[in-house]
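Colleague: what follows is a predicted protein model with its sequence.
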Amino acid sequence: MQLSDFPVTHVEHSRLSQVNFDKLGFGTIFSDHMFSMDYEDSAWRNPRIHPYQALALEPGVAMLHYGQTVFDGYKAFRGLDGDARVFRPDMNARRLHNSCRRLCIPVMEIDELSEIMINATRELIRLDHEWVPSGWGQSLYIRPLIIGTESTLEVRAASSYRFMIMTSPVGSYFGDLQKGVSLRVEDRYTRAASSGGLGEAKTAANYAASLLPGSESRAQGFDQVLWLDGNEHRYVEEVGAMNIFFKIGGKVVTPPLGGSILPGVVRDSALTLLDDWGLPTEERRIAIDEVIAAFRSGVLEEVFGAGTAAVICPVASIGYRDEVFHVPAKPPGELTQRLYDELTGIQYGKLEDRHCWNLRVPLPP
């Protein structure tokens, strides 16, 4: 689908003047335009770009009652040369495609979905190019969203859907890299079933399950939850907003994708870079007892998270039961910093994009 296939309705008055780019939060401000497309009569139709606006939905829509909602998230960065770079949108299209299949949402062929997402993203960035922040650590967050819009109380998949893409100028998710984040191991609640559940789909239910444990963690002085598996509450899975990595005895270990862990785009990128550098890595199950033993024996060197919102984020401490274990390396550790510098360097056009991860969008001067 070409850009000419997207009719565009422009805003009458931009809201850009209301934005303080020196005080960006995360996802609280939305750009002037959005993309929409509808599924009706067994076909996706009517792709369009129009002003960002509220939705008119009936109270009986399937999304509100039965959770037929999937979404994704990726970023555009204003490079040092003034052009925007969208980081690996093709991977986000594949992940959204898989999420749709798991939630029984009619899905386009992956190539068609990817083309529509990329073309819509490119056009939104061109239209709202002044919304793309220029500060280091800032970006334009891009959120595709698909919801069931049929009004019915039958427990079944909806017959109509709305596909939307909105954008939001954002700052850093966790703030100060020199501080790192603190995690609390959750050994009571479950984020997702270990197999056959929704863990690998990016859907609202996974995040709803995380809200209470996340609130309890913050009340205890921690930043995020470190999730364990849903069967035994024994094996490390992921953090609330990112995948998790441990550097133990010179080797980088991260839990494997097995149906309950979100297949992170930055996770994949970090593993690719570590392989480029010839550093030993393992994707395997890692018990929380092994992590604690590594803390106690002094062989745990660094802990960091990887995610679209956070990029690479150092972990300063982990709380487990009645103890808090502090990572020996002062945040950020050497490897954590190297990964952060490499990834952000690629995203902002400071370093060579050897793997062709960026979709480059020329912007007006």
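Modeller: Received the coordinates, thanks.
Colleague: where along the stretch 51-200 of the chain do the helices fall?
Modeller: Counting by DSSP state H, counting those that start in this stretch, the stretch 51-200 of the chain has helices at residues 62-66, 89-102, 110-127.
Colleague: show me what the second one is packed against.
Modeller: Using 3 or more C-beta pairs under 8 Å, 6 or more residues apart in numbering; DSSP states H and E as the contact criterion, the elements in contact with helix 89-102 are strand 69-71, helix 110-127, strand 139-148, helix 265-276. (Glycine included, C-beta is placed from N, CA and C.)
Colleague: list the buried residues in the very next helix or strand once past the last one.
Modeller: Same thing as helix 265-276. Next along the chain after helix 265-276, taking DSSP states H and E as the criterion, comes strand 281-283. Neighbour counts over strand 281-283 (16 or more other C-beta atoms under 10 Å) mark Thr281 as buried.
Colleague: for strand 281-283, packing partners?
Modeller: strand 251-254, helix 265-276.
Colleague: among those, which comes closest to Val299?
Modeller: Across the helices and strands packed on strand 281-283, the minimum distance to Val299, taken as C-beta to C-beta, is reached by strand 251-254, at 9.7 Å.
Colleague: contacts for the closest one, please.
Modeller: The contact list for strand 251-254, computed with C-beta atoms under 8 Å, 6 or more residues apart in numbering, reads 243-247, 267, 271, 274, 279-284, 286, 335.
Colleague: do that again at 6 Å, thanks
Modeller: Phe245, Phe246, Leu274, Pro280, Thr281, Glu282, Glu283, Ile286 (C-beta atoms under 6 Å, 6 or more residues apart in numbering).
Colleague: for stretch 184-203, same thing?
Modeller: Contact with stretch 184-203 is made by 70-72, 99, 102-103, 205-206, 209-210, 213, 217, 222, 225-231, 233, 259-260, 288, 319-320, as judged by C-beta under 6 Å, 6+ apart.
Colleague: which among those residues end up buried?
Modeller: 70-72, 99, 102-103, 205-206, 209-210, 213, 217, 222, 225-230, 259-260, 288, 319-320.
Colleague: helices - which of those land there?
Modeller: Using DSSP state H, Ser99, Arg102, Ala205, Asn206, Ala209, Ser210, Pro213, Ser217, Ile288 are the members of the buried ones among the contacts of stretch 184-203 that sit in helices.
Colleague: picking up where we left off before, widest-spaced pair of the contacts of strand 251-254?
Modeller: Leu274 and Ile286 (16.1 Å).
Colleague: before we move on, back to that, in TSV, list the helices of the stretch 51-200 of the chain along with distance to Gly305 and mean pLDDT.
Modeller: Shown next, in TSV, are the helices of the stretch 51-200 of the chain (distance: least, C-beta to C-beta, whole Å; pLDDT from 0 to 100):
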stretch	distance to Gly305	mean pLDDT
helix 62-66	29	92
helix 89-102	18	96
helix 110-127	25	96
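Colleague: give the contact list for the residue sitting nearest the centre point of the chain.
Modeller: The residue lying closest to the centre of the chain (C-alpha atoms, centre = their mean) is Thr308, at 4.3 Å. Contacts here follow C-beta under 6 Å, 6+ apart; on that basis Thr308 touches Gly73, Val266.
Colleague: mind pulling the model confidence for it?
Modeller: Thr308 carries a pLDDT value of 93.
Colleague: now it: phi and psi?
Modeller: phi -60, psi -50 (degrees, to the nearest 10).
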